[in-house]
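Enquirer: Okay, here's the prediction I keep looking at, along with the sequence it came from:
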Amino acid sequence: MYLHLGQNTIVHDREIIGIFDLDNTTCSRDTRAFLTAAEQGGQVVDVSGALPKSFLLTEEFGMDRVYLTQFNAGILEKRMEQKENTIHV
């Protein structure tokens, strides 16, 4: 199953480590340091097209990648749940 993140970008659900709300998680100094290090390491992909609301941490091809997206974390989680509950024929 794939999850659409915006700007014609999709990721496979098996690659997703976590979905995080930016407003809630960036209160933490550790999260801000993690995102800064990821950006400096070239691991951040901004697919928000505007002000990002959440980020996904993924592991693709053996390396971590952070996607910034305009979608709310709750919306992305619901999309994943809906796809998991869909019967494929």
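Expert: It's in.

Enquirer: OK, contacts around Arg32?
Expert: Contact analysis of Arg32 by Cβ atoms under 8 Å, 6 or more residues apart in numbering lists Thr26. The C-beta positions use only the backbone N, C-alpha and C, and glycine is treated the same way.

Enquirer: Distance of it relative to Glu84?
Expert: According to Cβ to Cβ, to the nearest Å, Arg32 and Glu84 sit 32 Å apart.

Enquirer: show me where this protein has helices.
Expert: Using DSSP state H, the helices of the chain run over residues 22-25, 29-40, 73-85.

Enquirer: got the contact list for Phe20?
Expert: Here Phe20 is in contact with 31, 54-57, 73 (criterion: Cβ under 8 Å, 6+ apart).

Enquirer: Show me what the residue nearest the centre of the chain is bridged to.
Expert: Geometric centre of the chain, nearest residue: Leu56, 1.8 Å, by Cα atoms, centre = their mean. Note on Leu56: beta-bridge partners by DSSP bridges are Ile19, Tyr67.

Enquirer: how deep is Gln43 tucked in, by neighbour count?
Expert: By other Cβ atoms under 10 Å, 16 other residues sit near Gln43.

Enquirer: Please report how far it lies from Glu60.
Expert: In this structure, Gln43 and Glu60 are 10 Å apart, going by Cβ to Cβ.

Enquirer: got any ranges where the chain has weak pLDDT?
Expert: Residue ranges of the chain with pLDDT under 70: 85-89.

Enquirer: any idea how far Phe20 is from Cys27?
Expert: 12 Å.

Enquirer: buried residues in stretch 37-51?
Expert: Buried positions in stretch 37-51, judged by neighbour count with 16 or more other Cβ atoms under 10 Å: 38, 43-48.

Enquirer: mind listing what's buried in stretch 66-74?
Expert: 66-71, 73.

Enquirer: Just list whatever residues bridge to Leu3.
Expert: Going by DSSP bridges, Leu3 forms beta bridges with Val11.
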